[in-house]
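S.K.: Just the structure for this:
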Amino acid sequence: MIDGWGRNINYLRISLTDRCNMRCQYCMPTTIPSVGHDEILRYEELLQICRAALQVGINRFKITGGEPLVRKGAISFMQSLRQLSGVQSMTLTTNGMALGPYIPALQDMAIDAVNISLDSLDAVLFQQISGVDGLSCVWQAIRQTVRSGIRTKINAVMLDMTRSQLLPLAKLAEIMPVDVRFIEIMPIGYGATQTGYTADQALAVLRSVYPDLQIVSQHCGNGPAVYYQSKCMQGCIGFIAANTHKFCHQCNRMRLTSTGFLKPCLCYDGGVDLKTIVRSDQTDSLVALRQAICRAAAQKPAGHCFDDIREMTENKTMNQIGG
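M.R.: From the prediction side, this is the model:
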């Protein structure tokens, strides 16, 4: 599916829930009202949307939240999605707190990758950021996932308060076959209240320890990360630098919120309401969904406006949008 700027839109991020078992400072540091269960898309409705998406050329799916694994039945839904004809890639983003028991099922469904959020290897700092004493649980889940053979990626947001964690986190790619991705904090929701450092600043520090870091030529995932590798590393170092290295010209994604709103771009509140369609009495809602998905792609702007947040129209938090 080609948008108005010639980009191939083939990737859909699906939020299963706005709820989470952490309270990360840059996402939802305080308890906010959760969306009612009747407002959340049912799994059969999500599958219907995915079938329509496949028919218009979207074949790569990311399951996210909130924290997707706090929603009952998440794994069964993923199994059903994986079995749909035409699905080329399915991945999961999680904070790791509830991951452990589900790793065998993820392995059985041949999930393509699991992204685990980890901003600090220091237990005190981890709790300060996330609001929970959960480092040991997340670390155990990372080790289990790696041992299972599932491709494992670690996501770390580059906050000023976690500068000391840059090298310890990068070292994980040296001692384990994992990709460690450093993400510039985006001015979305509570992220606008946080300060961080840039991908270029991080790369300069890493090259002082790994001077042979070179860009990896092959594509390492569905998203915009730029990857580097050193001869010392089993995995790669990735950077998602939405602020300082705008990658909108190659953006291939849209986001489906847990309430059924399809967003073409993260920083604008525009999009298409798919929930109304799947809950309507239309005899052929699949056709209507295909048309609505194409409309959303046509609305996709040339780029975001993080460099001038006065232009932003999205005021929801990341857990409400879909991480």
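S.K.: Please save the CA atoms from stretch 63-79 in PDB.
M.R.: The C-alpha trace of stretch 63-79 is given here as PDB (Å, rounded to 0.1, in the frame of the first residue of the first chain):
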ATOM      1  CA  ILE A  63       2.000  -6.300  19.300                       C
ATOM      2  CA  THR A  64       2.300  -3.600  22.000                       C
ATOM      3  CA  GLY A  65       0.400  -1.800  24.700                       C
ATOM      4  CA  GLY A  66       0.500  -0.400  27.400                       C
ATOM      5  CA  GLU A  67       1.900  -3.700  28.500                       C
ATOM      6  CA  PRO A  68       0.200  -6.200  26.100                       C
ATOM      7  CA  LEU A  69       0.800  -9.300  28.300                       C
ATOM      8  CA  VAL A  70      -1.400  -7.900  31.100                       C
ATOM      9  CA  ARG A  71      -4.400  -8.400  28.900                       C
ATOM     10  CA  LYS A  72      -5.900 -11.900  29.300                       C
ATOM     11  CA  GLY A  73      -5.800 -13.900  26.100                       C
ATOM     12  CA  ALA A  74      -3.000 -11.900  24.500                       C
ATOM     13  CA  ILE A  75      -1.000 -15.100  23.600                       C
ATOM     14  CA  SER A  76      -4.000 -16.800  22.100                       C
ATOM     15  CA  PHE A  77      -4.700 -13.700  19.900                       C
ATOM     16  CA  MET A  78      -1.100 -13.700  18.800                       C
ATOM     17  CA  GLN A  79      -1.300 -17.300  17.800                       C
END
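S.K.: tell me the average confidence for that stretch?
M.R.: Averaged across stretch 63-79, the pLDDT comes to 97.
S.K.: mind listing what the nearest residue to Leu99 once chain neighbours are set aside touches?
M.R.: In space, and not counting its chain neighbours, Leu99 is closest to Ala141: 4.1 Å by C-beta to C-beta, 6 or more residues apart in numbering. Heads up, the C-betas are built off the backbone N, CA and C, glycines and all. Applying C-beta atoms under 8 Å, 6 or more residues apart in numbering, we find Ala141 in contact with 96-97, 99-100, 103, 116.
S.K.: What's the ChimeraX line that selects buried ones from those?
M.R.: Of those, the buried ones go into a single ChimeraX selection, burial set by 16 or more other C-beta atoms under 10 Å:
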select :96,97,99,100,103,116
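S.K.: Narrow the contacts of Ala141 to those in helices?
M.R.: Mapping those onto helices (DSSP state H) picks out Ile103.
S.K.: returning to what we had before: any buried residues in the host helix or strand of the residue nearest to Leu99, and which?
M.R.: Using DSSP states H and E, Ala141 sits within helix 135-148. Within helix 135-148, the residues that count as buried by 16+ other C-beta under 10 Å are 135, 137-139, 141-142, 144-146.
S.K.: Kindly report the same for stretch 76-94.
M.R.: Within stretch 76-94, the residues scored as buried using 16+ other C-beta under 10 Å are 77-78, 80-82, 87, 89-94.
S.K.: hmm, back to that, and the contacts of Ala141 as CSV, adding distance to Gly65 and pLDDT?
M.R.: Shown next, in CSV, are the contacts of Ala141 (distance: C-beta to C-beta, whole Å; pLDDT from 0 to 100):
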residue, distance to Gly65, pLDDT
Gly96, 12, 97
Met97, 11, 97
Leu99, 12, 98
Gly100, 17, 97
Ile103, 18, 98
Ile116, 13, 98
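S.K.: outside of stretch 147-154, which residues touch it?
M.R.: 103-104, 106-107, 111-118, 142, 145-146, 169, 172, 176-181, 221, 238.
S.K.: end-to-end on that stretch?
M.R.: Using C-alpha to C-alpha, to the nearest Å, the end-to-end distance of stretch 147-154 comes to 15 Å.
S.K.: Run the chain-centre distance for it.
M.R.: 16 Å (C-alpha atoms, centre = their mean, to the nearest Å).
S.K.: Just flag the most distant two among the contacts of Ala141.
M.R.: Greatest spatial distance among the contacts of Ala141 (C-beta to C-beta): Met97 and Ile103, at 13.2 Å.
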